[in-house]
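Undergrad: fold the stuff below for me.
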Amino acid sequence: MFPTRWLKVERIYWDTKTRKKILQISDIHIRHLRVSHEKIQSILEEETPDYVFLTGDFIDKHEREFDSLKSLLQMIQKTGIEMYGVLGNHDRYIDEDKVEELEKLLHECGVNLLKNDYVEKNDVFIVGIDDCCKGHCDINKSFDFHNPENKEILVLTHDPDAVLEIDQPFSFFVSGHLHGKQVNVPFFFKIKDMGKVAQQGMYQGKHQHDRGPIYISKGISQTALNIRFWVRSEVTVHHLAPRAENK
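TA: Presented below is the predicted three-dimensional model:
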């Protein structure tokens, strides 16, 4: 009923030309994290993903959390797995100079922080859209590239509302922010405004958008009250492969 430590590994399958395994960790809110570093490490070692995508809210609301966050990120860094991340709305609840310190910490711990930016790989583009909850996203800048080889476009962001601003096609879109409600009671998002996507009834799991499929993580941690009610914490393993291989 109150599963803050009861972590579930969700497995999501995507129909793509390329073959990739991506492990997503969202909404760390490090001061509230109840899942042990050892548990996260064991999942990473067992899954051996190609990339780790960190979809925002590294901290809850204070720079005092930086040391704890550093410990977690350094553990992931030691695995040698490439990390890509975006900021969430909670990462900007601190003063601007502290946000810069957070960005520096992420860089030092091996996180490729994408702020309305992209990275081109051999077979994919990785696009990181900055958090749109507080107006930091720039879709045009994020997609400012040419794709003559028709590579798969993998998008990560924090707030799923960013998808409503995208005109460009994509293969894969992952986000967090909504915690799967965190406290799963009827009409929760009718009472608390969590954005347009949530108002449409999409607050966790995989959904189809006009431009491509999207996934909303329930997150690994909590905010405000440090409880979950009928919503398990998750890390997500995304399996990208041609449809026949995912059967």
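Undergrad: how near is Gly212 to Lys70?
TA: 34 Å (Cβ to Cβ, to the nearest Å). C-beta: built from backbone N, CA, C; applies to glycine.
Undergrad: Asp235 is in what secondary structure piece?
TA: Rather than Asp, residue 235 is Val. Counting by DSSP states H and E, the element that carries Val235 is strand 234-241.
Undergrad: summarise which helices and strands that strand is packed against.
TA: Using 3 or more Cβ pairs under 8 Å, 6 or more residues apart in numbering; DSSP states H and E, the elements in contact with strand 234-241 are strand 8-15, strand 20-25, helix 37-47, strand 172-175.
Undergrad: highest mean neighbour count out of those?
TA: Among these, strand 172-175 has the highest mean neighbour count (mean count of other Cβ atoms under 10 Å), at a mean of 26.
Undergrad: show me what that strand is packed up against.
TA: Using 3+ Cβ pairs under 8 Å, 6+ apart: strand 172-175 touches strand 51-55, strand 152-156, strand 212-216, strand 234-241.
Undergrad: out of those strands, which is closest to Tyr13?
TA: Proximity to Tyr13, assessed across the helices and strands packed on strand 172-175 by Cβ to Cβ, is greatest for strand 234-241 (5.0 Å).
Undergrad: turn the helices and strands packed on strand 234-241 into CSV, columns for distance to His239.
TA: Listed next are the helices and strands packed on strand 234-241 as CSV, based on distance: least, Cβ to Cβ, whole Å:
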stretch, distance to His239
strand 8-15, 5
strand 20-25, 6
helix 37-47, 10
strand 172-175, 11
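Undergrad: just put the ones you listed in a markdown table and tack on distance to Ile59 and mean pLDDT.
TA: Output for those, formatted as a markdown table (distance: least, Cβ to Cβ, whole Å; pLDDT from 0 to 100):
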| stretch | distance to Ile59 | mean pLDDT |
| --- | --- | --- |
| strand 8-15 | 23 | 93 |
| strand 20-25 | 14 | 98 |
| helix 37-47 | 16 | 96 |
| strand 172-175 | 18 | 96 |
